[in-house]
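[1] sequence-free structure coming up:
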C-alpha cells in the first residue's frame, strides 16, 4: 500500500474514533473540530465508510456509527480471552519492576488469582494461580470493592486515584499495590497487583510503582475495550 493509502486509512480510523458512547450523532463541523481535518477530506472518507456500513447518515444530515462497528465488537467479544494478553503483560511488568505481579477477579465475597508472574528473587510473597483470597483486606480486594460500586470516602479515594495500597493487611509480612483493569463502559474486568515482602515494599516504594502500574493497567484496559484516558489522568495527578 502506498503512503497515500496508509494515510487515508489512518484518517478514516481517526474519523471513527471521533465518536464516543455519549454521542448520538455528530455534525460534519463537530467531526472536523475533533479530527482537525478539512470538511472536504471528511466527506470523501465518509463516503467509503458509509459504503461499508461503518458510518450512517441520518435524515437530518448528521452522522453516526454504522452497524458494521457493532458486528466487529461482537466478533471481538466472542474471540476475547484475557489469557491471550494478561500473562505477557505480567511478564513485562515484572521485568520492569523486579517484583511479583498477579491478576485477580472477583468471585462472590472472595477474589481469585487468575494469572501470576513471580519475580526472580529468593524472597517473595507466596501467591499461586487459583488462590482464593478475601476481599476485605489487601490492595487487590480494596480495588475490586471500589470498582464494584461500594460507597464511602475510602472507595471514592480509590476510584479517584485509580489504585490502592496495603501494608501488612492480609499478611503482616507482605505489602501490595493494585489497580483496576476496565472494559467497555468502565466495566470492571479484574485487578492488576504488585506484591512482595514488606521490608522491600514500604509505602514510599509502593507509591513509586504507581506510574508503571497505571501504564500497564491502561494497556490492558485498552485491550479489553476500556477507556485508557482515566489512567492517563490519574498519572498526571501523580
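    The structure has been received and is ready for your questions. Worth saying up front: this structure is predicted, and the values here are computed from it rather than measured.
[2] can we go C-alpha only for contacts and neighbour counts from here?
    Noted.
[3] any low-confidence regions in this structure?
    1-4, 21-22, 73-80, 235-238 (pLDDT under 70).
[4] the domain parsing of it - what is it?
    Per automatic domain parsing, the structural domains of the chain span 3-77, 82-237.
[5] so of those domains, which one's packed in deepest?
    By mean neighbour count, with neighbours taken as mean count of other C-alpha atoms under 10 Å, domain 82-237 ranks first of those at a mean of 19.
[6] mind checking how far that one is from the chain centre?
    12 Å (C-alpha atoms, centre = their mean, to the nearest Å).
[7] what do you get for stretch 29-41?
    Distance of stretch 29-41 from the chain centroid (C-alpha atoms, centre = their mean) equals 28 Å.
[8] what's the end-to-end length of it?
    12 Å (C-alpha to C-alpha, to the nearest Å).
[9] contacts for it?
    Residues outside stretch 29-41 that contact it (C-alpha atoms under 8 Å, 6 or more residues apart in numbering) are 14-15, 18, 28, 42.
[10] distance to residue 125 and secondary structure added to those residues, as CSV?
    Shown next, in CSV, are the contacts of stretch 29-41 (distance: C-alpha to C-alpha, whole Å; DSSP: H, G, I helix; E, B strand; the rest coil):
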residue, distance to residue 125, secondary structure
14, 45, helix
15, 47, helix
18, 45, coil
28, 56, helix
42, 54, helix
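[11] hmm, which two among those are most spread apart?
    14 and 28 (13.8 Å; C-alpha to C-alpha).
[12] what's stretch 90-100 in contact with?
    By C-alpha under 8 Å, 6+ apart, stretch 90-100 touches 101-102, 116-121, 124-125, 194-196, 209, 212-213, 216.
[13] now, those that are in strands?
    Using DSSP state E, the members of the contacts of stretch 90-100 that fall within strands are 101-102, 116-117, 194-196.
[14] the strands in the protein, which residues?
    Going by DSSP E, the chain shows strands at 55-57, 63-65, 100-107, 110-117, 132-134, 164-167, 174-182, 188-197.
[15] now do the helices in this protein.
    Secondary structure of the chain (DSSP state H): helices at 3-17, 28-35, 39-51, 67-79, 86-97, 139-146, 153-161, 203-208, 210-223, 229-237.
[16] nearest to residue 189, of those?
    Taking these one by one with C-alpha to C-alpha, helix 210-223 is closest: 8.2 Å.
[17] for the closest one, packing partners?
    Counting contacts by 3 or more C-alpha pairs under 8 Å, 6 or more residues apart in numbering; DSSP states H and E, helix 210-223 packs against helix 86-97, strand 174-182, strand 188-197, helix 229-237.
[18] now do 7 Å
    With contacts defined as 3 or more C-alpha pairs under 7 Å, 6 or more residues apart in numbering; DSSP states H and E, the packing partners of helix 210-223 are strand 174-182, helix 229-237.
[19] looking at these, which is closest to residue 50?
    helix 229-237 (28.3 Å).
[20] make JSON lines from the strands of the chain and add distance to residue 5 to it.
    JSON lines is the format used below for the strands of the chain (distance: least, C-alpha to C-alpha, whole Å):
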{"stretch": "strand 55-57", "distance to residue 5": "20"}
{"stretch": "strand 63-65", "distance to residue 5": "22"}
{"stretch": "strand 100-107", "distance to residue 5": "40"}
{"stretch": "strand 110-117", "distance to residue 5": "41"}
{"stretch": "strand 132-134", "distance to residue 5": "51"}
{"stretch": "strand 164-167", "distance to residue 5": "46"}
{"stretch": "strand 174-182", "distance to residue 5": "34"}
{"stretch": "strand 188-197", "distance to residue 5": "36"}
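[21] quick one: closest of the ones you listed to residue 228.
    So among those, strand 174-182 is nearest, using C-alpha to C-alpha, at 8.5 Å.
[22] pretty sure residue 25 contacts residue 64?
    Yes - counting by C-alpha atoms under 7 Å, residue 64 is a contact partner of residue 25 at 4.5 Å.
[23] having no further points to raise, I will conclude here.
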